[in-house]
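In: based on what follows, work out the 3D shape:
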Amino acid sequence: MISNAIPIAIALCTAGPGHPWAEIQQATPPPAVLTTPVPTDPWPAWPLPPIHRGNPRGYTTGIDLTVSIAGDGSLGPLVDGGGGTLTVGLVNRDPFCVADLRGLETRHNAADFKLLGPDDAAERQLVFEVPSRPLAALKVRATWPVIAFSSRIDEPVASTIAWPRQWDPEVMPYLEPSAFIESRSPMFGEFVTRVTEGRLRKTPVYLAAKDLVRRTIIEFRSISGSTMVSEEAGFVRGYRVRGATVATEELVGTPADLTCACIAVLRAAGIPARPVIGMDHGRDRKDGSKLPRGRTSMCVWAEFHLPGAGWVPFDPWQMRGQGLPRKDVRNKWRWFGSIDDMNRRIPLGYDFAPYAFGVTPDWPAGWSWRVNSRSFAPGQVTNVISPIMVSHGPVRP
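Out: Reported below is the predicted structural model:
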């Protein structure tokens, strides 16, 4: 499929909106002097200027998850008695979300559970040990307290930050390809080369990322509004995602596919970027979001790393249809960097298919499972997941 993809990528790169990279470079102000910041709140993982967070809101968040045999049950129990694991990702310390896993509560039919990773790690793993006895299904419910923040970025200062000589080792993994984000495909490198007109490293990172995301979004002909595969009221199977390469070849996809494509382009440009899979609190919504109102839903967005500051959030699907071809990258954009809605979102993980072990469901949702006694063909197992997000309203430091 690469042979078909390359001509498409070349065609995409020759078109685009105004503000060529030469103009962006000429209009860039001189570097700002960044001072050592002082924390503005008592919670950990606060970002550094020019990224700021505020408007904290408290939630009890979590998931209900069931894995069972599909069909009439003629295959016998899901677990024959050999044991195994069910692993769920938990974002522990994100710049815009801080979890308190001391308040973790679980209900499950597994023998025991454990939390992996240091207490202050950005992401931890909740591992349920499957008992060595026959089970018809694996059932898990986990909840924990969370504080979520809105995001704001100082655009003039962010637009002066130069490329680092070397990225922080902690963000280096987000330069590499991952499941559904095939950033080393030739189409993405070709796209970056032609869009940036040879001026990528002469343009500040923030402006480079902004224009590359914009250009990626406007090339897609159609984006379906359905990100999740529904099972029944309040339950989903997982994310409807085929990945960056397939979606870019066809120029159609879901919000998750569009997010993967934007991340693949940023990684191909040498900018660390990652998907964020999580949930959204849709009750009392008044912000014009495309996500459902009146209920909690699962969603996906993205982040890229700004040197010396932290992760910048953006939502490609929400940005679509906002007049991007006419926008100036030096101005503030909705859903890019400054997002009031971030304090209604809770991240669960940074990978659709995590941990590189076990079985990822047919529709990935940031968790995996393994049983030691048997294997299953596609379609033989049904999984349903329901997001939990109970708002406790604004909180004070």
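In: what helix or strand does Arg334 sit in?
Out: Under the criterion DSSP states H and E, no helix or strand holds Arg334.
In: what about it, how many residues nearby?
Out: As a burial measure, Arg334 scores 16 neighbours (other Cβ atoms under 10 Å). C-beta here means a position set from N, CA and C on the backbone, and glycine is covered the same way.
In: for it, what are its contacts?
Out: 318-319, 322 (Cβ atoms under 8 Å, 6 or more residues apart in numbering).
In: just the ones of those in helices?
Out: When the contacts of Arg334 are checked against helices (DSSP state H), the matches are 318-319.
In: which among the contacts of Arg334 count as buried?
Out: 318-319 (16 or more other Cβ atoms under 10 Å).
In: turn the contacts of Arg334 into TSV, including pLDDT and distance to Cys97.
Out: Formatted as TSV, these follow (pLDDT from 0 to 100; distance: Cβ to Cβ, whole Å):
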residue	pLDDT	distance to Cys97
Gln318	92	18
Met319	94	21
Gln322	86	25
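In: nearest to Ile147 among the contacts of Arg334?
Out: Closest to Ile147 out of those is Gln318 (22.5 Å), distances taken as Cβ to Cβ.
In: just give the closest residue to the closest one, not the sequence neighbours.
Out: Among residues not flanking Gln318 along the chain, Trp335 sits closest, at 4.1 Å (Cβ to Cβ, 6 or more residues apart in numbering).
In: roughly how far does the one you found sit from Gly308?
Out: Distance, Trp335 to Gly308, by Cβ to Cβ, to the nearest Å: 23 Å.
In: what residue ranges in the protein score low on pLDDT?
Out: Regions of the chain meeting the criterion pLDDT under 70 cover residues 1-20, 22-39, 73, 231-234, 283-288, 290-294, 355-358.
In: let me know the outermost residue of it.
Out: For the chain, the largest distance from the centre (Cα atoms, centre = their mean) belongs to Ser74, which lies 37.6 Å off.
In: sec struct for that residue, please.
Out: Under DSSP: H, G, I helix; E, B strand; the rest coil, Ser74 falls in the coil class.
In: how far away is it from Gly82?
Out: Using Cβ to Cβ, Ser74 is found at 20 Å from Gly82.
In: where do the helices of this structure begin and end?
Out: Ranges of helices in the chain, per DSSP H, are 2-14, 21-27, 155-158, 186-196, 205-219, 244-250, 255-268, 316-319.
In: which of those sits most buried?
Out: When the helices of the chain are scored by mean count of other Cβ atoms under 10 Å, the highest mean neighbour count falls to helix 255-268 (a mean of 29).
In: how far does it sit from the chain's center?
Out: From the chain centre to the centre of helix 255-268 is a distance of 10 Å (Cα atoms, centre = their mean, to the nearest Å).
In: so which elements touch it?
Out: helix 186-196, helix 205-219, strand 222-223, helix 244-250, strand 273-281, strand 296-306, helix 316-319 (3 or more Cβ pairs under 8 Å, 6 or more residues apart in numbering; DSSP states H and E).
In: out of those, which gets nearest to Ala377?
Out: Closest of those to Ala377 is helix 244-250, at 22.6 Å (criterion: Cβ to Cβ).
In: list the helices and strands the closest one packs on?
Out: Against helix 244-250 (3+ Cβ pairs under 8 Å, 6+ apart) you get helix 2-14, helix 186-196, helix 255-268.
In: run the last query once more with 10 Å
Out: Counting contacts by 3 or more Cβ pairs under 10 Å, 6 or more residues apart in numbering; DSSP states H and E, helix 244-250 is packed against helix 2-14, helix 186-196, helix 205-219, strand 252-253, helix 255-268.
In: in TSV: the ones you listed, plus distance to Gly62.
Out: Listed next are these as TSV, based on distance: least, Cβ to Cβ, whole Å:
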stretch	distance to Gly62
helix 2-14	40
helix 186-196	36
helix 205-219	31
strand 252-253	29
helix 255-268	22
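In: out of the ones you listed, flag the one nearest Met172.
Out: Nearest of the helices and strands packed on helix 244-250 (Cβ to Cβ): helix 255-268, 11.0 Å.
In: and that closest one with strand 273-281, angle?
Out: Following axes from the mean of the first three to the mean of the last three Cα atoms, to 10 degrees, one obtains 150 degrees for the angle between helix 255-268 and strand 273-281.
In: now the angle from helix 255-268 to helix 205-219?
Out: Using the same axes, to 10 degrees: helix 255-268 against helix 205-219 is 140 degrees.
In: got the CA coordinates for helix 255-268 in CSV?
Out: Taking Å, rounded to 0.1, in the frame of the first residue of the first chain, the C-alpha atoms of helix 255-268 are listed here in CSV:
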residue,chain,number,x,y,z
PRO,A,255,-12.0,11.4,15.1
ALA,A,256,-9.6,8.8,16.4
ASP,A,257,-8.1,8.2,13.0
LEU,A,258,-7.7,12.0,12.4
THR,A,259,-5.9,12.3,15.8
CYS,A,260,-3.6,9.4,14.8
ALA,A,261,-2.8,11.1,11.5
CYS,A,262,-1.9,14.4,13.2
ILE,A,263,0.3,12.7,15.7
ALA,A,264,2.1,10.7,12.9
VAL,A,265,2.8,14.0,11.1
LEU,A,266,4.2,15.7,14.2
ARG,A,267,6.4,12.7,15.0
ALA,A,268,7.6,12.6,11.4
